[in-house]
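Colleague: Just need the structure, nothing else, for what follows:
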Amino acid sequence: MQKVKNIIDQAVEYDYMVSFMETKSVKTEKTRTQQRAKTTRKKLKKAALDVFSEKSVNAATVEEITEKADVGKGTLYRHFAHKEQMVATLVEEAVEHLIERMWSYECAPENLDEMLEHLLDAHYRFFVDSREEFLLLFQGKLLLRVESDILDELGESYLHYLKEIEQLVAMYLSAQIEPDKIRRFACAVAGFVFGYFSFAMIGMNLDEMEQNIEPLRRVFVKSLSAFLE
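Modeller: The predicted model follows:
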């Protein structure tokens with residue numbers, strides 16, 4: 001009987017080991033598949049960002065993105081339903097990166113002027129360090145879509161960006177100031193950044209941009225401060 005019991009125990013142990021190895025193999029393959037999918041998605045987003053910043057969102061085609069990423073169209077559509085979904089995803093990520101910079105400072109500004117200077121500097125650093133994302137966010141036609149009656153995923157990302165600006169400056173404002181006035185202020189910041197860099201990129205290097213923006217920034221900050229008083 002003991003011999004039979006040993007044989008049964010060995011068989012059970014063998015079945016357990018086989019089952020364990022099969023489960024481990026499935027998990028390993030699943031992990032590899034997920035990693036490949038993650039890598040492919042990252043490659044597609046990088047290619048799309050490059051193409052969008054080079055040609056604009058409207059002019060870019062799916063074929064150009066897949067060629068840049070060196071993948072087939074079927075692969076792209078497994079990750080994104082259409083080009084607009086890809087745009088919305090990239091805009092959302094770029095907005096989060098910019099907001100992170102806006103909220104990042106070693107010492108909190110002591111007054112409204114200092115906060116405005118900080119916000120403009122955060123946008124400038126974002127332009128320098130994340131040029132493709134900046135160009136995507138501040139394309140004119142994308143900004144115009146925010147004013148449309150239909151608030152889609154893209155519009156929600158931009159409104160999130162504007163609300164963060166409002167929240168940052170609200171700490172230095174009187175509670176009596178109307179919310180609509182603060183929203184117009186946030187739009188003015190976005191408009192200044194878009195307008196300046198749109199023209200500055202034509203024939204200016206980074207040093208010239210930084211040098212020429214200083215006097216404009218000072219006038220802009222003073223004007224905004226007066227507007228909010």
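Colleague: Okay, domains of this structure per the record?
Modeller: Here the domain parsing of the chain from automatic domain parsing is 2-79, 83-228.
Colleague: Can you lay out those as CSV showing mean pLDDT and mean neighbour count?
Modeller: Any C-beta I mention is one placed from the backbone N, CA and C, and that applies to glycine too. Formatted as CSV, the domains of the chain follow (pLDDT from 0 to 100; neighbours: other CB atoms under 10 Å):
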stretch, mean pLDDT, mean neighbour count
domain 2-79, 77, 13
domain 83-228, 84, 15
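Colleague: how close does residue 218 sit to residue 116?
Modeller: From residue 218 over to residue 116 the distance is 10 Å, taken as CB to CB, to the nearest Å.
Colleague: Could you name every residue contacting both of these two?
Modeller: Overlap of the contact sets of residue 218 and residue 116 (by CB atoms under 8 Å, 6 or more residues apart in numbering) is empty.
Colleague: Would you mind stating the distance between residue 126 and residue 81?
Modeller: The gap separating residue 126 from residue 81 is 29 Å, by CB to CB.
Colleague: Please apply the same query to residue 182.
Modeller: 36 Å.
Colleague: Same check on residue 94?
Modeller: Per CB to CB, residue 94 is found 20 Å from residue 81.
Colleague: what does residue 87 give?
Modeller: Going from residue 87 to residue 81 by CB to CB gives 12 Å.
Colleague: helices or strands up against the helix or strand containing residue 120?
Modeller: If you go by DSSP states H and E, residue 120 is part of helix 112-129. Where contact means 3 or more CB pairs under 8 Å, 6 or more residues apart in numbering; DSSP states H and E, helix 112-129 is packed against helix 83-102, helix 131-137, helix 153-170, helix 179-200, helix 206-228.
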